[in-house]
Structure formats: structure tokens, C-alpha cells
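Undergrad: Below are the sequence and a predicted model for it; my questions follow.
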Amino acid sequence: MLVLITMVNIITANAGSIPDAAAILRQGGLVAFPTETVYGLGANALDGQAVARIFAAKGRPQFNPLIVHVADIRMAAPFVEMNDRARALAAQFWPGPLTMILPRLSSCPVSDLCSAGLPTLAIRVPAHKTAQQLLKECGFPLAAPSANLSGHLSPTTPAHVAESLGDKVDMILAAGACNVGLESTILDMSTDQPAILRAGAIDAQQIADILGQDVRYEIEAIDQKTEKPKSPGQLLRHYAPGISVRLNAIDLEAGEALLAFGTDKFMGIKGGGSAKNLPDTARRNLSENSDLTEAAANLFRMLHDLDRPEHKAIAIMAIPEKGLGIAINERLKRAENATK
Ligand code: TXA
Ligand code: MG
């Protein structure tokens, strides 16, 4: 006989449990919730550390950008630039299985871990009643990839979520099977030429009919095991700093900015001086306590802060190659290669 002993918190979604789920999310926890496509692994998108926990729970060794879920188009207004064409698509297909990639507003408060440092944000308004109720109860946006471990199939039932993520999620809000069963269509509306980056229930013709404009497919082949693009960097653009990046720094060259991890008190500058006397614009610390979740939450914002033409380079202290450190290092290596 098979006995399953797990600590999985599967709770039926109703008027009593939805406020509990919202409270967990407000405190920075993770809640798996149903959408009409697949179950999502949700976190408060305004809370960088909560978003970092998504990557830790999925065991995804890479920071791919995440879809940000909102209850309606009004809730998206403070986050992204909506032109008339995007508004026409929203009027037709939201709520529903269409995700739009739009330019972030400069005042956008969503964690830039959701954008993986890119100037765009993926926004979706799910139609599922439970997702709608949860988003309204929260009042803040939810970052949510599919609620499965990296390399597992996307979950369409609460049992799938429990099998894949188990106790890595604080609550699974259960409302039966998802009826679409296929992830949302991802449409890049951040340029003049709309492009479908992932096929879903809404196709190019339906979108073209609303826009009165051709819509092309730019589908990236994704490796099912690693969730990484088979042709890396071909279609999904990656954030790269404008100045060069130097990894595993143990001291500084004159003119370099410092991205520290842990204490930088004893770090010297070649030719004289100490890192602690650098001007504020040239010194950031991913986490003084060497906390990888905090470091992940700060990564893209701090790289952006230090990416200034007056700096010769960004010197980055070593990050341990474990847990979220693996994803941080993957992204830093990419930045190093892009600026070599
Ligand atoms: O149906 C769905 O879309 C489900 C439910 C939970 O909403 N979510 C989902 O999320 O499938 P995820 O993380 O498994 O897939 C999100 C995809 C990734 O391939 C990611 O690269 C892409 O969206 N994406 C997100 N933001 C992007 C951006 N700013 N630019 C380009 N691609 C982006
Ligand atoms: Mg997925």
C-alpha cells in the first residue's frame, strides 16, 4: 500500500480561504492558485524577496521573466504603457488566456526580478473565478509562473501542484481542473510589429482581426527538461549592462563601481583607498547578511543603479554557487559575456 505523508496545504477555494491566501501573499509567502489555463505559483509582484522565493521553489537555475497577473485593465495602469492597440486587445480578450508584453512605466513599482531586468513586463488578466477573487482580495499584482518544478509539466490540477512542489508552497488554493489546460498566448506588444512568443488558445488570426495588422509567430523552442531556450538568447532578449562587468572581485581597480555580497569593509582599491569610501552612486550591496533571497531581489535594480558611463566597470564579489546563487551567477555570467 502506498502511503503519502506530505505536509501539503491543499485548501478548497471559498469565501473563507481566499482571504487566508491573500494574507499569506501579503506577508511574502507563496500560494498556488488556479487560472483557466494552468495553476500558477503566485507571489506578491511588488515584493522582490517574495518573487525570489518563486525561483527558489521551482528550482529554476535561471531568472526568466515572469507573468504579472492583475484583476482587470485598471489594475495594470500604474505598471505598463498601454497604447490604443493594446487597449483594443484587452477589451476583446481580457479576462482570458492572453498575456501582453508591454513597456514598463518608469514609475512601475513591480519588482524588476519579474522583468529579469528588461524594460518590459508581461501582463495577464486571468478569467478563472478563483484567480479573480484572489486578485481582488489582494489588491496587489501576483507574479506567477506555472506551479511546477523546473523540468516538470505544467499543472492543471491541485494534485499535480502537490506532486511537483509539495511543501515548497505555503498553500495550494484548490478549485478542480483548469479548463484550457494550455498556457496563455504570449504576445509581444512592446514594438510596432506584434509577435506571438508562445502559442496558446488565442491565435494570430484572432489578434490580427482586432488590430487590423499582421501578427507573426516568433516561437522559441524550449527544452522541456531545463525550460531553457534551445537557441539561447535568440528571441528572449536579456538585460545587459552598458559597461563591462568583472566577476569574483576581491579588490577594486580605480574607477570601478562595486556590487558587494556580504561585508565589503575590508575591500581595498588598487593604488590606495577603501571600498567603504566610494561615493554612494558607486557602491551597492546585494545582501550584507549574505542572504541569497535578498540578493536575488536586489540584483537587477542594483545593476541598473551602477550601470553609469562614469564607471570603468562593475566589480562584483563572488556569490556562492548554491540555491538561488546558481541563478544569480548564471545571469551575471551572461552580463559578463555580453559586455566583454
Ligand atoms: O497561462 C499562463 O500563462 C500561466 C498561468 C499561471 O498564468 N503562466 C505561465 O508562466 O505559463 P511561465 O512563467 O511558466 O511562462 C511565462 C513565459 C516565459 O516563457 C517567459 O520567458 C515569458 O513568459 N515572459 C515573461 N515576461 C516576459 C518579458 N518581459 N519578455 C519576454 N518574455 C517574457
Ligand atoms: Mg512554465
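TA: Looks like it arrived, so ask away. Since this is a predicted model, take the numbers as computed values, not measurements. Ligands and ions are numbered 1, 2, ... in the order given.
Undergrad: tell me the domain ranges of the protein?
TA: Domain assignment for the chain, taken from automatic domain parsing, gives 10-217, 244-339.
Undergrad: would you list these in CSV and tack on distance to Arg237?
TA: Yep, even glycine has a C-beta here, placed from its N, CA and C like the rest. Formatted as CSV, the domains of the chain follow (distance: least, C-beta to C-beta, whole Å):
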stretch, distance to Arg237
domain 10-217, 6
domain 244-339, 11
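Undergrad: can I get those in a markdown table with distance to ligand 1?
TA: Conversion of those to a markdown table gives the following (distance: least, C-beta to the nearest ligand atom, whole Å):
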| stretch | distance to ligand 1 |
| --- | --- |
| domain 10-217 | 3 |
| domain 244-339 | 12 |
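Undergrad: most packed of the ones you listed?
TA: domain 10-217 (a mean of 20; mean count of other C-beta atoms under 10 Å).
Undergrad: For Pro97, which residues are in contact?
TA: Pro97 makes contact with 36-37, 124, 127, 180, 182-185, 200-202, according to C-beta atoms under 8 Å, 6 or more residues apart in numbering.
Undergrad: So what's the gap between the lowest-mean-pLDDT helix or strand in the chain and the chain middle?
TA: When the helices and strands of the chain are scored by mean pLDDT, DSSP states H and E, strand 216-217 comes last with a mean of 88. The chain centre lies 24 Å from the centre of strand 216-217; the measure is C-alpha atoms, centre = their mean, to the nearest Å.
Undergrad: so what strands line up beside it?
TA: strand 195-198 (parallel) (DSSP bridges).
Undergrad: Tell me the first helix or strand C-terminal of the strand it pairs with.
TA: helix 204-211 (DSSP states H and E).
Undergrad: From the contact counts, what lies against that next one?
TA: helix 84-93 (3 or more C-beta pairs under 8 Å, 6 or more residues apart in numbering; DSSP states H and E).
Undergrad: ok so, going back, nearest to His238 among the domains of the chain would be which one?
TA: domain 244-339 (5.8 Å; C-beta to C-beta).
Undergrad: quick one: average pLDDT of that closest one?
TA: Mean per-residue pLDDT for domain 244-339: 95.
Undergrad: ok, and the closest non-adjacent residue to Ile196?
TA: Tyr217 (4.9 Å; C-beta to C-beta, 6 or more residues apart in numbering).
Undergrad: which residues does the one you found contact?
TA: Taking C-beta under 8 Å, 6+ apart, we find Tyr217 in contact with 195-196, 199, 204.
Undergrad: which of these sit farthest apart?
TA: Ala195 and Ala199 (11.6 Å).
Undergrad: one step back: hmm, which of the contacts of Tyr217 is lowest in pLDDT?
TA: The member of those with the lowest pLDDT is Ala199, at 88.
Undergrad: Could you measure from that residue over to Cys114?
TA: 22 Å (C-beta to C-beta, to the nearest Å).
Undergrad: residues in contact with stretch 155-165?
TA: 6, 8, 10, 32, 34, 38-39, 41, 57-58, 146-149, 152-153, 169, 172, 174-178, 181.
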